[in-house]
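Chemist: From the sequence below, what's the structure:
(chains A and B)
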Amino acid sequence: GESVGLHLPTLSVQEGDNSIINCAYSNSASDYFIWYKQESGKGPQFIIDIRSNMDKRQGQRVTVLLNKTVKHLSLQIAATQPGDSAVYFCAENIEGYSSASKIIFGSGTRLSIRP
Amino acid sequence: DAGITQSPRYKITETGRQVTLMCHQTWSHSYMFWYRQDLGHGLRLIYYSAAADITDKGEVPDGYVVSRSKTENFPLTLESATRSQTSVYFCASSERGGDSPLHFGNGTRLTVT
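Modeler: All right, here's what the predicted structure looks like:
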């Protein structure tokens, strides 16, 4: 069925290194993808998004790459900092019954930073 | 301040009781969503709404009821709470549904005993 999943449930990275979080999606019709960061006790926070007509999009210290051929999404965080420790979710849009699209989330990757 | 507010922040209820979780947003976003998040898992969509009086089922709608009489409010009701509905519930809103980022509240932690 329709699903958004992640390759790695946990990721440990040395402070200052780059982090790469991967995500696979299964719905070929999805045309909008989002990465969220969730800190303990808080709601998910928007990081960056990308539409299907793009392969790459950059933000501040973050880059999202989209490979539609293999239905793969990745989030790259440059110079990882202790404040980047969180759970990261990818999400995709899926058409709903009333044609209003909805956002479905993957299972998440926990990013931990080694000092 | 503009934003999305959920209440209560914490709730303990007994099996079989009805409980309503509240969600209020001040952005005038058309779309609102309810998700549940179980320990160590991702977010699963319960219900969503494209506008006042328009609602759709998500991935896990059974046991829940929603209404949207006003654009700014989107309450979620558990008609007869079960232990399996113990979870953290997040409300979110967006301008254009699945075509724009969701803005989340800080969640309601619900425990059903």
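
Chemist: Pass me the low-pLDDT residue ranges in chain A, would you?
Modeler: A:1-8, A:96-100 (pLDDT under 70).

Chemist: Pull up the residues of it that are close to chain B.
Modeler: Chain A comes close to chain B at residues A:32, A:34, A:41-46, A:49, A:89, A:91, A:93-98, A:100-108, as judged by CB under 8 Å from any CB of the partner chain. Backbone N, C-alpha and C define where each C-beta goes, glycine included.

Chemist: Look up which residues are beta-bridged to the residue nearest to the spatial centre of chain B.
Modeler: Of all residues in chain B, the one closest to the mean position by CA atoms, centre = their mean is residue B:34, 3.1 Å from it. For residue B:34, the residues forming beta bridges with it (DSSP bridges) are residue B:47, residue B:91.

Chemist: hang on, isn't it packed against residue B:74?
Modeler: Yes: with contact defined as CB atoms under 8 Å, residue B:34 counts as touching residue B:74 (7.0 Å).

Chemist: between the two, what contacts are shared?
Modeler: By the contact definition CB atoms under 8 Å, 6 or more residues apart in numbering or on different chains, residue B:34 and residue B:74 are jointly contacted by B:23, B:66, B:91.

Chemist: For those residues, give me TSV that also has neighbour count.
Modeler: Conversion of the shared contacts of residue B:34 and residue B:74 to TSV gives the following (neighbours: other CB atoms under 10 Å in any protein chain shown):
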residue	neighbour count
B:23	25
B:66	22
B:91	30
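
Chemist: With respect to chain A, which of the residues you listed is nearest?
Modeler: Using CB to the nearest CB, residue B:91 comes nearest to chain A of the shared contacts of residue B:34 and residue B:74, at 8.5 Å.

Chemist: Confirm residue B:84 sits in a strand?
Modeler: No: in this structure, residue B:84 is helix, not part of a strand, as judged by DSSP: H, G, I helix; E, B strand; the rest coil.

Chemist: wait, what's in contact with it?
Modeler: By CB under 8 Å, 6+ apart, the contact list for residue B:84 reads residue B:112.

Chemist: Tell me, how many residues neighbour residue B:110?
Modeler: Using other CB atoms under 10 Å in any protein chain shown, the number of residues around residue B:110 comes to 21.

Chemist: How about it, nearest residue that isn't a chain neighbour?
Modeler: residue B:11 (5.0 Å; CB to CB, 6 or more residues apart in numbering or on different chains).

Chemist: and that neighbour, what is it in contact with?
Modeler: Residue B:11 touches B:19, B:21, B:108-111, counting by CB under 8 Å, 6+ apart.

Chemist: and those, which are buried?
Modeler: For those, a burial check counting by 16 or more other CB atoms under 10 Å in any protein chain shown picks out B:19, B:21, B:108-110.

Chemist: Taking those residues, tell me the two that lie furthest apart.
Modeler: Longest distance between any two of the buried ones among the contacts of residue B:11 is 12.4 Å, between B:19 and B:109; criterion CB to CB.

Chemist: what residue ranges in chain B are flagged as low confidence?
Modeler: By pLDDT under 70, the low-scoring segments of chain B are B:1-2, B:40.

Chemist: Longest strand in chain A, please.
Modeler: strand A:86-94 (DSSP state E).

Chemist: what about the helix or strand following it, distance to the chain center?
Modeler: Per DSSP states H and E, strand A:86-94 leads on to strand A:102-105 as the next helix or strand towards the C-terminus. Taking CA atoms, centre = their mean, to the nearest Å, one finds strand A:102-105 lying 12 Å from the centre of the chain it belongs to.
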